[in-house]
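> model this:
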Amino acid sequence: MEVYPVTNPTVLLIDDDKYERDVVQWELSREGFNVIYAENGIEGLRQLYEQHPDLVLLDINMPQMDGYTVCQRIREVSSVPIIIVSALETPESIVRSLDLGADDYVVKPYKVDVLVARARATLRRAAAEPTVGREQQVYNDGYLTINLEERRVLVDGELMRLSPTEYRLLELLLQESPRVVPYRVLLENVWGFEYINDIDYLRVYIWHLRNKLEPNPREPIYILNELGVGYRFQRHI
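Numbers count the residues shown, from 1 in each chain. From the prediction side, this is the model:
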């Protein structure tokens, strides 16, 4: 059984499909997760505020409040990891979900063991401690401030909320700066070995980071791409 920094992590499952909830709750419980659930988005937000889960599994198509809105509401108040679990598999739905702050996206129907593996990987990323040396814990060039020890990022003096996955990606780039980090290395270290060929997935997150950190995301000065190789963080101090 997987060992986590959090004993018996609590997963909030928000899905209006009772069969889906029963199956996921059974399988995750067998793996040592404490599973709570909600039948719709409004109830899911209430559970989030009251139970403070370690991970949220969120459907999109639900009555009263869809998953996009729920994801957006969660991100307004919390950085808890979110995995979207939906039958929608269009690039638009995946990009929209990630753009709203989701950490991963699993398409229905899926193998339960795949969902369990994604949940484990997402929790590991959320719990990962910064590994950079103390001299690299803080970066500050006047416009961009990154304090990995405090998990704080300031852009032009304004606090910027990053998801756990975005923090881990930024940490790794900063750790290796000014060296280029190959695509496969980023994918394996941030998402896990099962993601090493998902370069499009990495590009989506790089795009998100640039939109949050760069003065002009279309002409980045911090997160630079070495075509065909990988990405690097460019320091300006």
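
> use CA for all of it now, contacts and neighbours both
Will do.

> give me the mean pLDDT for stretch 181-189.
Taken as a whole, stretch 181-189 carries a mean pLDDT of 88.

> how far out from the middle of the chain is it?
16 Å (C-alpha atoms, centre = their mean, to the nearest Å).

> residue nearest the centroid of this structure?
residue 103 (2.6 Å; C-alpha atoms, centre = their mean).

> check contacts around it.
Listed by C-alpha atoms under 8 Å, 6 or more residues apart in numbering, the contact set of residue 103 reads 81, 82, 83, 84, 122, 163, 164, 165.

> so what pLDDT did the third one get?
According to the prediction, residue 83 has pLDDT 94.

> one step back: tabulate the contacts of residue 103 (TSV), appending secondary structure and neighbour count.
Output for these, formatted as TSV (DSSP: H, G, I helix; E, B strand; the rest coil; neighbours: other C-alpha atoms under 10 Å):
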residue	secondary structure	neighbour count
81	coil	25
82	strand	28
83	strand	24
84	strand	24
122	helix	23
163	coil	19
164	helix	25
165	helix	23
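
> quick check: the farthest pair among the residues you listed?
84 and 164 (15.0 Å; C-alpha to C-alpha).

> domain ranges for the protein?
10-127, 134-233 (automatic domain parsing).

> quick one: the longest one to chain centroid distance?
Right, domain 10-127. Using C-alpha atoms, centre = their mean, the offset of domain 10-127 from its chain centre is 12 Å.

> so who does residue 38 touch?
12, 13, 14, 15, 16, 44, 47.

> now for the residues you listed, which sits with the most neighbours around it?
residue 14 (28 neighbours; other C-alpha atoms under 10 Å).

> for the helix or strand containing residue 210, packing partners?
Element membership for residue 210, per DSSP states H and E: helix 199-213. Contacts defined by 3 or more C-alpha pairs under 8 Å, 6 or more residues apart in numbering; DSSP states H and E place helix 199-213 against helix 91-99, helix 164-176, helix 183-190.

> listing partners with orientation, what would you give for the following helix or strand past that helix?
Next along the chain after helix 199-213, taking DSSP H and E as the criterion, comes strand 223-226. Partners of strand 223-226 in the sheet, by DSSP bridges, are strand 230-233 (antiparallel).

> averaged pLDDT, the partner strand. What do you get?
pLDDT averaged over strand 230-233 gives 95.

> what's that strand in contact with?
173-174, 176-183, 222-226.

> let's see that with 7 Å instead.
The contact list for strand 230-233 (C-alpha atoms under 7 Å, 6 or more residues apart in numbering) reads 173-174, 177-183, 222-225.

> before we move on, the earlier item: and the helices and strands packed on helix 199-213: which comes nearest residue 140?
With C-alpha to C-alpha as the yardstick, what comes closest out of the helices and strands packed on helix 199-213 is helix 164-176 (11.9 Å).

> now do that closest one, average pLDDT.
Here the average pLDDT along helix 164-176 is 87.

> then stretch 69-80?
Average pLDDT, stretch 69-80: 88.

> now do stretch 205-214
91.

> pLDDT below threshold where in this protein?
Across the chain, the ranges flagged by pLDDT under 70 are 1-7, 128-136, 194.

> hmm, 80 instead?
The model of the chain has pLDDT under 80 over residues 1-7, 125-137, 148-150, 163-164, 191-198, 201, 237.

> quick one on the thing from earlier: now distance to residue 55 too, for the contacts of residue 103, in TSV please.
Shown next, in TSV, are those (distance: C-alpha to C-alpha, whole Å):
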residue	distance to residue 55
81	5
82	6
83	8
84	11
122	8
163	12
164	11
165	13
